[in-house]
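1. only the shape, not the letters, is given here:
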């Protein structure tokens with residue numbers, strides 16, 4: 001196995017490999033995380049949870065905290081801007097079955113940023129230090145931080161923030177090579193990941209534009225980072241972890257599976273979603289996943305409108321049985 005893929009130690013937690021599913025709001029819920037774990041991800045990150053919502057015992061937050069033993073090790077991510085609130089809530093939930101606590105300092109969404117949370121924290125280095133220090137003191141589990149390149153091009157301060165996080169006791173830092181202003185557009189700047197890696201001794205996890213094993217190799221060559229965090233590359237493609245591991249074991253690059261296998265996985269994902277969230281919500285959330293799953297296959301753009309009209313699991317299954325039959329005819333297999 002090439003040295004890019006190796007075990008990774010974060011505090012007292014050892015990951016089997018250093019491929020990490022990024023935390024994505026509205027994406028990395030329990031069913032999706034379990035599929036990524038099955039495909040070999042070394043660490044699974046949950047959707048971000050508001051420390052304030054926890055403080056007020058918000059009902060909807062409960063489902064976000066649910067972890068299945070099979071997906072561990074798991075990183076639970078809190079967001080907020082009040083050091084007391086974050087550290088107290090971290091302590092309050094520490095008994096739950098997650099392994100690492102991550103603090104979100106990268107979310108670019110306006111309603112989060114306008115509250116001074118997520119990537120807005122990068123504008124306030126002193127506050128970053130207070131949040132990390134208080135949280136590290138409050139709990140035994142390792143505390144990590146997820147940051148961006150900076151808030152905008154005029155304030156590229158990932159190195160400064162990473163040094164503060166390290167000095168305050170963080171066990172690792174994940175760096176997304178885009179500023180908040182960029183959201184997810186343009187190309188991720190991997191040089192900033194390299195600069196952070198040079199500046200701190202704790203593990204540095206690179207994030208941004210990893211779509212296959214070649215990107216892992218290129219990112220490691222360019223940055224020397226310790227782990228690889230995959231976000232949008234896993235949307236509709238939980239196989240990405242298997243694809244990358246397979247390459248490092250065999251030297252063979254494999255893509256997404258053929259259509260019948262993709263459909264089986266997607267329908268299984270839908271059944272898990274429905275079991276976890278009920279049919280109404282499960283089906284509606286599956287629409288975006290189904291759009292991602294089908295991207296890159298034949299006729300996928302035509303299919304999208306029909307996916308968005310499905311109301312039940314039966315509708316979804318019938319639609320894809322029809323798609324498979326048509327695909328077989330087009331390939332001359334029927």
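-> In hand now; what should we look at? Since we're looking at a predicted model, the values are computed, not measured. Residues are numbered from 1 along each chain as shown.
2. who are the packing partners of the helix or strand containing residue 248?
-> Using DSSP states H and E, residue 248 sits in helix 240-250. Judged by 3 or more CB pairs under 8 Å, 6 or more residues apart in numbering; DSSP states H and E, helix 240-250 is in contact with strand 19-21, helix 213-223. Quick note: C-beta positions are derived from backbone N, CA and C, even for glycine.
3. could you redo the last one with a cut-off of 7 Å?
-> helix 213-223 (3 or more CB pairs under 7 Å, 6 or more residues apart in numbering; DSSP states H and E).
4. ok so, going back, list the contacts of the helix or strand following the helix holding residue 248.
-> Tracing the chain past helix 240-250, the next element assigned as helix or strand by DSSP H and E is helix 259-277. For helix 259-277, contacts defined as CB atoms under 7 Å, 6 or more residues apart in numbering pick out 30-32, 34-35, 256, 282-283, 285-286, 289-290, 293, 297, 313, 316-317, 320, 324, 327.
5. buried set for helix 259-277?
-> Buried residues in helix 259-277, counted by 16 or more other CB atoms under 10 Å: 259, 262-263, 265-267, 269-274, 276-277.
6. ok, stretch 286-306 next?
-> Buried, per 16+ other CB under 10 Å, within stretch 286-306: 286, 289, 290, 291, 292, 293, 294, 303.
7. quick one: contacts for the first one?
-> For residue 286, the contacting residues are 270, 273, 316, taking CB under 7 Å, 6+ apart as the criterion.
8. so it is in which element?
-> helix 279-294.
9. all helices of the stretch 1-150 of the chain, in order?
-> Assigned by DSSP state H, counting those that start in this stretch, the helices in the stretch 1-150 of the chain fall at 30-38, 51-55, 61-64, 83-93, 110-113, 125-138.
10. so which of those helices is nearest residue 308?
-> helix 30-38 (19.0 Å; CB to CB).
11. specify the angle between the closest one and helix 279-294 in degrees.
-> Angle of helix 30-38 versus helix 279-294, following axes from the mean of the first three to the mean of the last three CA atoms, to 10 degrees, is 40 degrees.
12. can you list contacts of helix 30-38?
-> 21, 44, 46, 66, 68, 70-71, 234, 238, 241, 269, 272-273, 276.
13. who wins for most neighbours among those?
-> residue 21 (30 neighbours; other CB atoms under 10 Å).
14. still on that earlier bit, is it possible to get TSV of the buried residues of helix 259-277 that adds distance to residue 199 and pLDDT?
-> Formatted as TSV, the buried residues of helix 259-277 follow (distance: CB to CB, whole Å; pLDDT from 0 to 100):
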residue	distance to residue 199	pLDDT
259	46	93
262	42	96
263	46	96
265	40	97
266	42	97
267	46	97
269	40	98
270	44	98
271	46	98
272	41	97
273	41	96
274	46	97
276	41	94
277	42	94
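15. let me know the closest of those residues to residue 211.
-> residue 262 (16.7 Å).
16. and the closest one, how far is that from residue 53?
-> Residue 262 sits 35 Å away from residue 53, going by CB to CB, to the nearest Å.
17. for residue 44, same thing?
-> 21 Å.
18. neighbours of residue 187, how many?
-> Using other CB under 10 Å, residue 187 has 10 neighbouring residues.
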